[in-house]
Every structure is written in structure tokens, then in C-alpha cells.
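1. Sequence first, predicted coordinates after that:
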Amino acid sequence: MLALASSITSVFFARAFDRIGNGLDATPRDALVGDLAPPQIKGACYGLRESLSRAGSFMGSVLAVFLLWMTQNDYSLVFWIGSIPTALALIVLLLYVKDPVSEKFNNHKAKSTPLSFRNIMHLPLAFWLILILSGIFMISNFSGAFLLLRAEQTGIELHLIPLVYVVQNIATASTAYPIGYISDRIGRRSMMAFGILTVIFSNILLSFGTTIVIVLVGVLLWGIQMGITQAILPVLLADRCPQDFRGTGFGLFHLTNGLCLIIANSFAGWIWSEWGPAYMFYTSAIIAALSALILPFIHNNTHNKVVV
């Protein structure tokens, strides 16, 4: 649709479809990882998924810049080329990825639990605690656009501002898999606490971001916390959501996170405009710290840990 777009209206609908596709993809993808990942390395599997996702985004951005340069800004051709990796991913999914839940349903080997509002409400307390933890934490996770604005305030030249996203994506991609791997051995809760602590330090640095060096260090820590938390939160949920309701559980997870991110960005924009960027970063740190109050009530799943 973007390759064929000839007006702002068609671009708008193409972007809308892109966001719908992203929403439709996230829930079954995370549920499928939970279904296929061996329990003893589930954290590593979710960490690897996040690392590959971030690395793909980074490589895609670099490739897009290169293609625009090679084609003299032929956006239509670049979007046509950009559809190829997605088509290849679809082929791999359809031909090579097995779906345990689908196979169980098709073969009638087991009686599935009926899906109802009552059954959803009877999901384990630990599941709802993780949903609350994730929701509160996401209110502290404002858009990366605020990082760009903070970098711009330091007086950095405009063509260097994209370095912010480069630093953030590299930090996230290089952090998620090791953190997921470690969580299989020492538990998820301590890793999530480490991620929240990293958010707080990042916000403190960004609040004092008078030079580009301080801002980039803050962005580096922000990328690290994204790698930690976006790897740990899904595996925490997968550990405590029954397999028959894993898709539903992740649907609630992504719905909650999406709504909280809308609140986060609206709130952050208001504070930035009314009180200034420093207060916005202070608020983010406080909200992240408040989310940590849920952690003592969430116990590690010791049966999922590897004995070393």
C-alpha cells in the first residue's frame, strides 16, 4: 500500500494497516514462543526474540537509508523491496513453524478448556500481578521521540540526532538475549528489578542532560532497560499463564501495555510542556520505582530454573 500510495490519505490508511498488523502479530507471536520454548530456557528464548527484533529494526533502518541513497530517494521502490523480508517471514511461518495448540485442536487429542469471561477472571493471581506490574511500568516508558527532543536541546547537529536511535537499538539488541539467558539461572524477578533500577538511573542522567555525552549515556541505559524489561515481562507472563489461555493472556498483556503507553506519552507530553523535561524524567523514574513495589509479591518459578 505504501509503494502504491499517491496521496496523504492512502499513506494514512497504509500506516493504519501497518499498525493493525503489528497488533495482530504481537500476541500470537509471544504466545507461540511460550508454547514452543523448553521451560528450562524460556527466558533465553524470549530474550533472543527481542534481540533479533531489535537487530532487525536496526538493520532494516540502515538498509532503507542505503536503498534511498542508491535509488535517489525512490520511496516506492524501497517499499516494494521492504515487502520481501516480510513475505519470506510468512513463508517460514507457514512451512516450518509448528503450532502445538493448533495441532492439539485439529487432532482432537485433548479436550480444550472453554474460553469464557469467568475462566479468564479465574486466571492465577500471579498473572494479574504481572499484568499490574507491566501496566504501571509502561506508564513510565515514554516514546523514544522524547529522547530525540532531549538530544536536540543539547545543540547537536540535526543530521546526528538519529544516533540516539542507533545507540538505543544497539543497547537493546545486545542486552535482551543475555538477560533472558541469565534469568533462566537466577530467576526473573531479580532481572526485572535490575531493569527498573536501570530506568531510574537513565531518567536521572536524562534530567541533567545538558551535554550530548550525558544524554547519549542516558539513552544507552534506556536501551539497556528496554532489552531487560521487554525480555523479562513476557517470560514472567508465560511462566504463569496456563497454556490453554496463553494467547488470551498475551492479548490482555499487549492491550494493557498499549493503553498504558497512550497514557504515558500523553502525560509525558503535558509535563514536558507545563513543567519542563527534567520534571518529566523525574516523574518517569518515580513511576518506575512504584512498579517495583509489586515485585515482592511475585515469586520466582523455581521449576523453570536451570540447576547449575
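-> Cool, got the structure.
2. Read off the pLDDT value for residue 22.
-> At residue 22, the pLDDT value in this model is 81.
3. now do residue 273
-> At residue 273, the pLDDT value in this model is 92.
4. In three-state terms, label the most centrally placed residue in the chain for me.
-> In the chain, the centroid-proximal residue (Cα atoms, centre = their mean) is residue 230; its distance is 4.7 Å. Of the three states, residue 230 takes helix under DSSP: H, G, I helix; E, B strand; the rest coil.
5. secondary structure element for the nearest residue to it once chain neighbours are set aside?
-> Among residues not flanking residue 230 along the chain, residue 50 sits closest, at 5.1 Å (Cβ to Cβ, 6 or more residues apart in numbering). Backbone N, C-alpha and C define where each C-beta goes, glycine included. Assigned by DSSP states H and E, residue 50 belongs to helix 42-70.
6. can you pull out the helices in the stretch 101-250 of the chain?
-> 117-121, 125-139, 145-153, 163-186, 188-207, 212-240, 246-274 (DSSP state H, counting those that start in this stretch).
7. and among those helices, the most buried is which?
-> For those, ranked by mean neighbour count under the definition mean count of other Cβ atoms under 10 Å, the leader is helix 212-240 at a mean of 24.
8. Can you spell out which helices and strands pack onto that helix?
-> Under the contact criterion of 3 or more Cβ pairs under 8 Å, 6 or more residues apart in numbering; DSSP states H and E, helix 212-240 touches helix 8-36, helix 42-70, helix 125-139, helix 145-153, helix 163-186, helix 188-207, helix 246-274.
9. and those as a markdown table, adding distance to residue 282?
-> A markdown table is the format used below for the helices and strands packed on helix 212-240 (distance: least, Cβ to Cβ, whole Å):
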| stretch | distance to residue 282 |
| --- | --- |
| helix 8-36 | 30 |
| helix 42-70 | 27 |
| helix 125-139 | 14 |
| helix 145-153 | 13 |
| helix 163-186 | 20 |
| helix 188-207 | 6 |
| helix 246-274 | 9 |
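10. Which of those sits closest to residue 91?
-> Proximity to residue 91, assessed across the helices and strands packed on helix 212-240 by Cβ to Cβ, is greatest for helix 8-36 (15.4 Å).
11. for the closest one, which positions count as buried?
-> 26, 27, 28, 29, 30, 31, 32, 33, 34, 35 (16 or more other Cβ atoms under 10 Å).
12. Alpha carbons of stretch 172-181, as CSV, please.
-> Extracted in CSV, the C-alpha atoms of stretch 172-181 (Å, rounded to 0.1, in the frame of the first residue of the first chain):
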residue,chain,number,x,y,z
THR,A,172,18.6,-3.2,23.5
ALA,A,173,19.6,-5.8,20.9
SER,A,174,22.8,-6.7,22.8
THR,A,175,21.1,-6.9,26.2
ALA,A,176,17.9,-8.8,25.7
TYR,A,177,19.3,-12.3,25.0
PRO,A,178,22.0,-12.4,27.7
ILE,A,179,19.5,-11.1,30.3
GLY,A,180,16.9,-13.8,29.3
TYR,A,181,19.6,-16.4,29.5
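13. Kindly provide the whole-number mean pLDDT of that stretch.
-> In this model, stretch 172-181 carries a mean pLDDT of 94.
14. Point out where the stretch 151-300 of the chain drops to low pLDDT.
-> In the predicted model of the stretch 151-300 of the chain, residues 158-159, 300 satisfy pLDDT under 70.
15. Report the secondary structure element holding residue 280.
-> helix 277-291.
16. and that helix, what does it pack onto?
-> helix 125-139, helix 145-153, helix 188-207, helix 246-274.
17. what about it, distance to the chain center?
-> On the basis of Cα atoms, centre = their mean, to the nearest Å, helix 277-291 sits 19 Å off its chain's mean C-alpha point.
18. Need the residues that contact that helix.
-> Residues outside helix 277-291 that contact it (Cβ atoms under 8 Å, 6 or more residues apart in numbering): 133, 136-137, 139-142, 146, 149-150, 153, 196, 199-200, 203-204, 206-209, 267-268, 271-272.
19. Can you list the buried residues in the helix holding residue 50?
-> By 16+ other Cβ under 10 Å, the buried positions in helix 42-70 come out as 42-51, 53-55, 58, 67.
20. what inclination does it have with respect to helix 212-240?
-> Inter-element angle recorded for helix 42-70 and helix 212-240: 130 degrees (by axes from the mean of the first three to the mean of the last three Cα atoms, to 10 degrees).
21. What is the nearest of the buried residues of helix 8-36 to residue 166?
-> Distances from residue 166 to the buried residues of helix 8-36, taken by Cβ to Cβ, are shortest for residue 26, at 23.8 Å.
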